[in-house]
Structures are given as structure tokens and as C-alpha cells.
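In: Structure for this input, please:
(4 chains)
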2 protein chains.
Amino acid sequence: MAARYQQIAQELREAIRQGEYAIGTLLPSEGDLAARYAVSRGTVRQAVAVLEQDGSVAARQGARRVVLGEVPTHSFAEMQSFSMWATSRGHVPGAKVLSVEVGAARQEEADRLRINVGDDVVRLQRIRTLDDEPVMVERSFFPGLVAEHILAMDLTAGSITEQLTALGFVHAHGDHLIDAVSATTLEARLLGVRRGSPLLRQRWLASSPTGQPLAWSEDSYRHDAVIINVRNSMSANTLARLSARS
Amino acid sequence: MAARYQQIAQELREAIRQGEYAIGTLLPSEGDLAARYAVSRGTVRQAVAVLEQDGSVAARQGARRVVLGEVPTHSFAEMQSFSMWATSRGHVPGAKVLSVEVGAARQEEADRLRINVGDDVVRLQRIRTLDDEPVMVERSFFPGLVAEHILAMDLTAGSITEQLTALGFVHAHGDHLIDAVSATTLEARLLGVRRGSPLLRQRWLASSPTGQPLAWSEDSYRHDAVIINVRNSMSANTLARLSARS
DNA sequence: CGGACTAACCTGTCTGGACAAGTGGATTTA
DNA sequence: TAAATCCACTTGTCCAGACAGGTTAGTCCG
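Out: Have a look, this model is predicted:
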């Protein structure tokens, strides 16, 4: 069973969605909420901290919290798995394997996956589809740790992430680099766009709860397929702008 | 003076940066840290919660925290202000005004800025430069609330964000939509790239501590100028993937 | 009428304590 | 030897209370 503060956070989220607490209006005070839910003020603070972090409410010392709005109901798992995301949105995800191979890690791969140069690495290239339409070219790299599991999977079917999760390799952290690139001739052909067409590239590292890198992936989306949304605030900022040249 | 837990968070961050707590190793237990800093366990938890949220350490119930790594030292203010970001990285930011006008809000502008159709809106177009090299085309929209201040500013000089902050209009929240687009003929000419060249577009809404929208901006970067970095985790996810068509 | 002041209210910070629940290593058992 | 058990340790959750410090609205005064 979820913790009490999580239940309360969920109820507050729901209330905001239902319009019970309209955008721009004030949330009840911590004291009121504590009385209403029959919990201590500390527990209420844990609950509203969740909403603050999501960017759903704004807090200022001395003043009651302001409702900023609902926030995309989009779990971490949906962000880390193309298949889960597509499915939850009513689309049919698909994958076509272009190549799979096991090889010795090159310098860059070793750096990304925090392994040694020469260690085993699985390299996988796939086209990802949404309702049979190609929208993304995926180049993934997996460390030796999960190599045998990857090779044993049906790579055209569901999500690798989900299958690894079932095996105990849970994605717990993500680190994403987002930029725009030109479609190469190959990518253009695979995605059905013109060469040089803009692609939204998301390169990301997934790690386990203990910080162990589980996968590095370079996902290039057709520019008309997806938009990435990020929220930040003075009290919760995980967003940075990096120089491309360095 | 900053709160004690913030000081401790800062010291821990520093210790990680210095290699005192190496990547992949364990952080001391909450009890140890509480004793070391002579504070209660609750205060230590507040401190490490900051690092967890940044994605700098990983936490699991029952096990000590694992150091994931340093994280870009990039404040919220640096993300919200091109000038501050450039300056802090040793570059010289610049701006060339293409147009400024005050007009009646159209439907989309009103929606974004949470004002009524027909209300005053300031529309501003600028080219932003880094060391005199054009890297971004900026289209900004400001609500009537700050209109007079915007019009009174030197728009070619420093940061509008900083000037507004000095006037009491502080950016406290950001909501960002990131995608890739093709450079129009005009944009290509302004940025010195070929027409159709990929641009990284960041459309974002900045709001005050009370949730009042302060600015909406559409920033299109040369694809070779910037990369956006976001970290997320199971316990702190502010990242979502949206369908471009909707 | 406008500005300064005040009091009620509210969130931020911190303490100390208690128990639940998960981890990991050592020990015992089959 | 391999599996099950146990135990010390550690983090997660929740409570009650105290005080600091910011906000807000009303009141009083010039």
C-alpha cells in the first residue's frame, strides 16, 4: 500500500484535475489539510511537496500555495519506454530491427556505460513505429551485465525496458541530452522524410537504483512526431543548457 | 543566511565534486551525517533530498545512498536567462532587436499568458548572439502587467529577465516545450545557416512565485549551438514526451 | 486619503522520538 | 555446498511541538 502522503498527493492532484481547486486559486492551508485528512502537518507537507516538485502548485513562505495547473500525467516509466508511452496514449508501438551485434566497447561506449574499453557491449539499431508509421531511429548500447538477456529477447515485440524490469533490471534514473540534428540519407529513408530534415535527438543514459548504467540510447525522432516537455522552478531545477561545442 | 540543510547540501555537493565521495561509492548514513554536522536526522534528510532531486545521489530504502555523479552547476536563473547563462560560461551575450510592438492579444497569446483576448501584449523579436556570433532567434511575448517596463528598457543590452527581476517580477517557474524545426528563409539568413537547417526550438512560459505568467518565448537555436540536459528519476520526474500532432 | 503599524495567519526550519520496511552480511540448517 | 534464517544497520514514514520569518488585511494615525 502506498504511503499516506502519496495518497493525499494523489487526491489533491485529482481535485485539481476536477477543477475543485481551480488554476490561480489558493490551496487550503497546511493546517486545514492536516485536519481534513487527520494527519500531522509534516505529512501534509510531504504530500504538497510532491505537487510542488511536479510544478503543479507554487509555494511561498507566509502565503498559501497557488495552483499552477495540472501537469502531464506521465510517469517516469513512460518516459523511459517508447512502448509504454505509445500504449498509454492509445497508439500501437512497433519495432523493426536493423542490426544487433556484440562487440568490444570503444572509448565512448565505455565512458557512457561506465565499463572498461574492450568489455562486452550489445549494439542494437531499430526503427520504432507508431501505428505502423516510422517515427524514430534508435541506436542502443547495453553493457555486458545485461547482454545475455538482450540477445535472448524478442526485439521486435514489446519494450526492452519492460522486459529488463521483469528480470530485475529496473530503470530508476535518467540523464538526457536533447538537441536537433539533420537526417542522414539513411535516416531519411528509414523515416520517410527528406535528407537534411530536422530530427529531435534524445541521447540518454538509464541507470539502476544503485546507479549502475543499464543502457545508453540515441533516439532520433521525426520532428513532427514528438515534443518534449520539461518543468522547472527555483526550488526544483533539473534542466540545464549546455554548449554544443566543447 | 541560508538554511542549515542548504549549507549541508552545498558541502556535500562540494565533497562529491572534490572526489571525497567518489562516483559509485556510498554516502555516509544519515545518522553519521547528523552526528558530523550536529543536526537532527530530519535536517540531514532535507539536505540529501536536495541532492537526490538533482540526480546527484541515488536512494533506496534500507541501503546507504550511492553517489551518481556531479551535476551541471546550472541555476534556475541561468536556464531562464540567456544572458546570465552566457556570462557565467565566459561568453559575451548580445542582442539585436528586430521588432517591438504593443498590440491586442490574439487567442493563442491570451491562452499562453492567461490574459483576455484583446488585452495589451508586447511582442518582441531579437537575434541573440554569443561572442558576436548569432545563435538564436527569439520571439517573446509579455503581458500588459510588465508592458511599460519592457518598453522603457534598453533591449539591446542585458537581460530582460534580470531587469524585470530587479523590478520585482521574479521568474519562479518555467514550463518548456522542446522540439526540432526547420529554419525558415528569414531565420536562416539571420543565423547564417542554410534554409531548412535544423533548429532546436524551446518554447517556454515563465511565471512569478504566485503563478502569474510573466513571459512567453519561442527561442530557436542553431543546432550546433546548444544541447539541453535534463535529469529525471522514479522519485522526481518533470519530463514528458508529448505527441506533436494533437 | 494615504501611509505606517499591527495582529492574525501561514509556510519554512528544526528537533527528538517511534516504528515500519528493506538491505546485506553472517550464521545456521538441510 | 546451497538455501534458509537471522540480525544489525539503514532508510522511509509519521507524529507533536517550537520558533522564525514572510504575507495579508485591517486599523490607526497624520
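
In: Just the CA atoms of the helix or strand hosting residue A:147, as PDB, please.
Out: In the assignment (DSSP states H and E), residue A:147 maps to helix A:144-152. C-alpha atoms of helix A:144-152 as PDB (Å, rounded to 0.1, in the frame of the first residue of the first chain):
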ATOM      1  CA  GLY A 144      27.700  -6.900 -20.600                       C
ATOM      2  CA  LEU A 145      25.700  -7.000 -17.400                       C
ATOM      3  CA  VAL A 146      22.500  -7.400 -19.400                       C
ATOM      4  CA  ALA A 147      23.900  -8.700 -22.700                       C
ATOM      5  CA  GLU A 148      22.700 -12.200 -22.500                       C
ATOM      6  CA  HIS A 149      19.200 -11.100 -21.600                       C
ATOM      7  CA  ILE A 150      19.000  -8.700 -24.500                       C
ATOM      8  CA  LEU A 151      20.200 -11.300 -27.000                       C
ATOM      9  CA  ALA A 152      17.600 -13.800 -25.700                       C
END
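
In: ok, and for that helix, which residues are buried?
Out: By 16 or more other Cβ atoms under 10 Å in any protein chain shown, the buried positions in helix A:144-152 come out as A:145-146, A:149-150. C-beta: built from backbone N, CA, C; applies to glycine.

In: what's that helix in contact with?
Out: Contact partners of helix A:144-152, identified using Cβ atoms under 8 Å, 6 or more residues apart in numbering or on different chains, comprise A:100, A:102, A:115, A:119-122, A:124, A:142, A:160, A:163-164, A:167, A:169, A:212, A:214-215.

In: Any of the residues you listed buried? List them.
Out: A:115, A:119, A:121-122, A:124, A:142, A:160, A:163-164, A:169, A:212, A:214-215.

In: Quick check, pLDDT for the residue nearest the centre of chain A.
Out: Centrality entry for chain A: nearest residue to the mean C-alpha point is residue A:79, 2.6 Å, by Cα atoms, centre = their mean. Per-residue pLDDT puts residue A:79 at 94.

In: Surely it is in contact with residue B:237?
Out: Yes: judged on Cβ atoms under 8 Å, residue A:79 makes contact with residue B:237 at a distance of 6.5 Å.

In: So which elements touch the helix or strand containing residue A:188?
Out: Taking DSSP H and E as the criterion, residue A:188 maps to helix A:185-191. Applying 3 or more Cβ pairs under 8 Å, 6 or more residues apart in numbering or on different chains; DSSP states H and E, we find helix A:185-191 packed against strand A:133-143.

In: is it true that residue A:136 touches residue A:125?
Out: No: if you go by Cβ under 8 Å, residue A:136 and residue A:125 don't touch, sitting 11.4 Å apart.

In: Show me which of these two is the more surrounded one.
Out: residue A:136 (24 against 16; other Cβ atoms under 10 Å in any protein chain shown).

In: and the closest residue to that one other than its chain neighbours, how many neighbours?
Out: Residue nearest to residue A:136 in three dimensions, not counting chain neighbours: residue A:128, with 4.2 Å by Cβ to Cβ, 6 or more residues apart in numbering or on different chains. For residue A:128, the neighbour count with other Cβ under 10 Å is 20.

In: In a strand, residue A:128, correct?
Out: Yes: Residue A:128: assigned to a strand according to DSSP: H, G, I helix; E, B strand; the rest coil.

In: Show me the beta-bridge partners of it.
Out: residue A:95, residue A:136 (DSSP bridges).

In: Could you pull up the contacting residues of residue A:74?
Out: For residue A:74, the contacting residues are A:85, B:237, B:239-241, by Cβ under 8 Å, 6+ apart.

In: Would you tell me which one of those residues comes nearest to residue A:7?
Out: Lowest distance from residue A:7 to the contacts of residue A:74 (Cβ to Cβ) belongs to residue B:237, with 18.8 Å.

In: quick one: that closest one from chain A, how far?
Out: With the distance defined as Cβ to the nearest Cβ, to the nearest Å, residue B:237 ends up 4 Å from chain A.

In: What ranges in chain A fall below the confidence cut-off?
Out: The model of chain A has pLDDT under 70 over residues A:1, A:246.
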